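A.B. asks: please work out how this folds:
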Amino acid sequence: MRSILIYLFGFLILSGCQNNSKKVAQPAIKEATEKIFPDKLVDATIYEVNIRQYTPEGTFKAFEEHLPRLQKLGVKVLWLMPINPISEKNRKGELGSYYAPSDYTAVNPEFGTLDDFKHLLKKAHEMGFYLIIDWVPNHTGRDHKWIKEHPEYYIHDKNGDITYEAMSPTDIWWDTALLNHKNPATRKAMINAMRFWVDLGIDGFRLDHGCGDKIPLYLWEEARAALDPIRDLFWLAECGHETFILDGSYADEYESEMRQVASGEEPADVLSNWIDEDMFKYGRTHFRMTYTSNHDLNSWNGTVFERFGSKNKAFAALVFTAYGFPLILGGQEVGMDKRLEFFQKDTINWTDPKGMEPFYQSLVKLRKDNPALWAGDAGGFPISIENNENVIGFIREVEGNKVIGLFNFSDENQTIEITKRDAYGTYSDYFTGESYTLNDEGFELKPEQYLVFKE
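C.D. replies: Residues are numbered from 1 along each chain as shown. The predicted structure is shown next:
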């Protein structure tokens, strides 16, 4: 859809120039069918990479050795958590926060050299991955060179001192210096820094704390105007719908509701209701990133086993089938059962003691192979097919491809009535191969049972 609009816009511009007596060489117009971001990610899974914790070495080179495994897993987008050097002043813990950068146009020496990063980027592209980097626009670290060279780039307190970000009276980021994006010079400097990485060939940005009271949306309007013409880019915001000028955003509320359902505080219906409301209010073209874990949830709220218990697989299957653009946190695919330390070294265990990797590989493949499950308006509309508040049952269909999901998130047997005749039929469960028939008779789901049928 977006590619067609760009084609038409370019055609109108070029048509308006035809009467100009001075002939100017015109850029080639892309074919209307050529996909650009986000359209070329409709069937993709995004994968979050913590370079520091990924390997004992914690380097780009060491992570590169995992690319064949990730290719087999089937993920398409590699999101690297911040790779910039970390400020020393007011540093938290032994190694500091990735989100307190001291230089926007350099790499953390702990991870290797800029040439090492370039090699990783080149290898990832050769293997068919897209690679995006985490970008921290809200603040710098306390020893970024801008603090001395351009103090006007920052927000100052009543005493004239550069201030910091504070999420609450008890959650104060002393290691940060808060940027003032109302200043056009700040925005220009930020965009120039981003251009450095675009010129290297990255495929986009995950924008940390990318909107809110400190980040004006015109920053991203200006950034896209400056950077999109250089290279096709994917823009993912760590915030909600207000950033529809970008390509994707977090579905934080969805994960919060999942936790309520997992604990029994809310019935499963709240999840299907949330999906309905999300589409109703904001449409279907924007990519909503859904997940059961990410780096913040893992470190500060707990592992998927802490938050979802024995239902963690059921919720993961829901994320990959019901709605959105799914994320896997690095380590999640091998059953990572610990909260990774945020400010010091804490290597992921890749032995997969719970045997989870085949399960996540099957989820990625299920979604990729079935257009009904694709993101945005490329996928099928999720339509409820049952009437039990403790169960989520949906059908999604597009271009002859049909997927049905049934999820019992309660600890008891649940009987459901199939309310949509379109769902009637005999199917095999994607995960077990067992045969089931859906008709006008009652259908029984065991505690925590989840079934996915495809046709």
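
A.B. asks: so the closest residue to Val304 other than its chain neighbours versus Val261, what's the distance?
C.D. replies: Leaving aside its sequence neighbours, Val304 sits nearest to Asn312 (CB to CB, 6 or more residues apart in numbering; 4.3 Å). For glycine as for every other residue, the C-beta is placed from the backbone atoms N, C-alpha and C. Distance of Asn312 to Val261, computed by CB to CB, to the nearest Å: 12 Å.

A.B. asks: which segments of the protein make up each domain?
C.D. replies: Listed by automatic domain parsing, the domain ranges of the chain are 1-34, 37-380, 391-454.

A.B. asks: quick check: mean pLDDT across stretch 216-226?
C.D. replies: For stretch 216-226, the mean pLDDT works out to 96.

A.B. asks: for that stretch, which outside residues touch it?
C.D. replies: 137, 181-182, 187, 190-191, 194-195, 207, 210-211, 233, 235, 237, 242-243, 245-246 (CB atoms under 8 Å, 6 or more residues apart in numbering).

A.B. asks: ChimeraX command for the buried members of those residues?
C.D. replies: Entered in ChimeraX, the line below selects the buried ones among these, by 16 or more other CB atoms under 10 Å:
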select :137,181,187,190,191,194,195,207,210,211,233,235,237,243,246
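
A.B. asks: wasn't Met289 part of a strand?
C.D. replies: Yes - checked against DSSP: H, G, I helix; E, B strand; the rest coil, Met289 lies within a strand.

A.B. asks: leaving out sequence neighbours, find the closest residue to it.
C.D. replies: That would be Phe325: by CB to CB, 6+ apart, it lies 5.0 Å from Met289.

A.B. asks: what sits against that neighbour?
C.D. replies: Neighbours of Phe325 in contact, by CB under 8 Å, 6+ apart: 41, 44, 46, 248, 287-290, 375-376.

A.B. asks: among these, name the buried ones.
C.D. replies: 41, 44, 46, 248, 287-290, 375-376.

A.B. asks: put together CSV for those, with pLDDT and distance to Tyr427 on each row.
C.D. replies: As requested, those are arranged in CSV below (pLDDT from 0 to 100; distance: CB to CB, whole Å):
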residue, pLDDT, distance to Tyr427
Leu41, 98, 28
Ala44, 98, 26
Ile46, 98, 29
Gly248, 94, 32
Phe287, 95, 29
Arg288, 95, 27
Met289, 96, 29
Thr290, 97, 24
Ala375, 98, 24
Gly376, 95, 26
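
A.B. asks: ok, so of those, who is nearest His119?
C.D. replies: Ile46 (22.1 Å; CB to CB).

A.B. asks: is it correct that the closest one is in contact with Val77?
C.D. replies: Yes - applying CB atoms under 8 Å, one finds Ile46 in contact with Val77, separated by 4.2 Å.

A.B. asks: so who does the most centrally placed residue in the chain touch?
C.D. replies: In the chain, the C-alpha nearest the mean C-alpha coordinate belongs to Met289, at 4.7 Å (CA atoms, centre = their mean). Met289 makes contacts with 46, 236, 248-251, 324-327, as judged by CB under 8 Å, 6+ apart.

A.B. asks: just Val403 next, same as before
C.D. replies: Contacts for Val403 (CB under 8 Å, 6+ apart) come out as 321, 370, 372-373, 380, 395-397, 452-455.

A.B. asks: could you do Tyr323 as well?
C.D. replies: 251, 254, 275, 278, 288, 290, 382.

A.B. asks: the same query, at a cut-off of 6 Å, please.
C.D. replies: 275, 382 (CB atoms under 6 Å, 6 or more residues apart in numbering).

A.B. asks: where does pLDDT dip in the chain?
C.D. replies: Scanning the chain with the threshold set as pLDDT under 70 gives 1-33, 241-243.

A.B. asks: kindly list the longest helix within it.
C.D. replies: Across the chain, the helix with the greatest residue count (assigned by DSSP state H) is helix 184-200.

A.B. asks: return the member of the buried ones among the contacts of Phe325 nearest to Gly442.
C.D. replies: Thr290 (30.4 Å).

A.B. asks: the closest one and Leu451, how far apart?
C.D. replies: 19 Å.

A.B. asks: ok, now Ala314?
C.D. replies: Applying CB to CB to Ala314 and Leu451 gives a distance of 10 Å.

A.B. asks: so which of these two has more stuff around it?
C.D. replies: Legend: neighbour count by other CB atoms under 10 Å for Ala314 and Leu451, higher for Leu451 (23 against 20).

A.B. asks: how about the more buried one, secondary structure?
C.D. replies: Assignment for Leu451 (three-state DSSP): strand.

A.B. asks: still on that earlier bit, which of the buried ones among the contacts of Phe325 sits closest to Thr351?
C.D. replies: Scanning these for proximity to Thr351, where the rule is CB to CB, the winner is Ile46, at 24.3 Å.

A.B. asks: contact partners for that closest one?
C.D. replies: Counting by CB under 6 Å, 6+ apart, Ile46 has contacts 77, 79, 327.

A.B. asks: what of Phe37?
C.D. replies: 232, 234, 247.

A.B. asks: Ala322 now?
C.D. replies: Pro382 are the contacts of Ala322 under CB under 6 Å, 6+ apart.

A.B. asks: and if we set it to 10 Å?
C.D. replies: 254, 271-272, 275, 290, 373, 382, 392, 394, 396, 403, 405, 407 (CB atoms under 10 Å, 6 or more residues apart in numbering).
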